[in-house]
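**Student:** sequence? don't have it. structure:
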């Protein structure tokens, strides 16, 4: 039994006019060994667009809300560390 | 969007509990398939719209069985029990739109979540600053 499993899955193709769309997702599965439980995290990754002329186009799916949340929390953390460092430098060199 | 599922059972055979848990776990894993992330396409004014969401799901079980020794002349007892719970959370991430202009991905932005993250971040910084001023 794998503790952490990460895989890319493709869904059923969807016909949109002349183009064919194949949705792709990433699935992360955490199943602790010896325990009766599982945690699943699935999120959309990209859409593969197959045009009738044979050209394939991969459209990535960005989670803008998650990116903004992580950026802001990172700014908060780095800002606090920076403030502490500046304060420490001021105290050391009055 | 969330779903709560609770399962409680009274059992006398631990094998029965394990079978039931295995069965429920497999059903749960089958349910959280790719169709949960990409919803059914919707046709709207000549465009095909496919909503895409992030899905987080968790499920857990526990079971126990015990046999007691003879407590009196009538003999001992035995018993077992089990329980479990699960939760599924889904959050919209993007919308795929296919129309005459082609196929494009439009992100779904949640301003409330971003505002809360901003408040947490700046609150943390102001808290650090206030602590520093108080200390100096």
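**Tutor:** Cool, got the structure. Note that the structure is predicted; figures quoted are calculated from it, not measured.
**Student:** so the residue of chain B at minimum distance from chain A: helix, strand or coil?
**Tutor:** Residue of chain B nearest chain A, by Cβ to the nearest Cβ: residue B:121 (2.8 Å). The way it works is simple: take the backbone N, C-alpha and C, and place the C-beta from them, glycine included. Applying DSSP: H, G, I helix; E, B strand; the rest coil to residue B:121 yields a three-state assignment of helix.
**Student:** skipping adjacent residues, who's closest to it in space?
**Tutor:** Excluding the flanking residues, the one nearest residue B:121 by Cβ to Cβ, 6 or more residues apart in numbering or on different chains is residue A:76, at 2.8 Å.
**Student:** OK, contacts around the one you found?
**Tutor:** Residue A:76 makes contact with B:120-125, according to Cβ atoms under 8 Å, 6 or more residues apart in numbering or on different chains.
**Student:** name the member of the residues you listed with the most neighbours.
**Tutor:** residue B:121 (21 neighbours; other Cβ atoms under 10 Å in any protein chain shown).
**Student:** please name the residues that touch residue B:36.
**Tutor:** Per Cβ under 8 Å, 6+ apart, neighbours of residue B:36: A:42, B:53, B:55, B:90.
**Student:** list the beta-bridge partners for the first one.
**Tutor:** For residue A:42, the beta-bridge partners under DSSP bridges are residue A:27, residue B:55.
**Student:** that one - how many residues pack around it?
**Tutor:** Neighbours of residue A:42 (other Cβ under 10 Å): 22.
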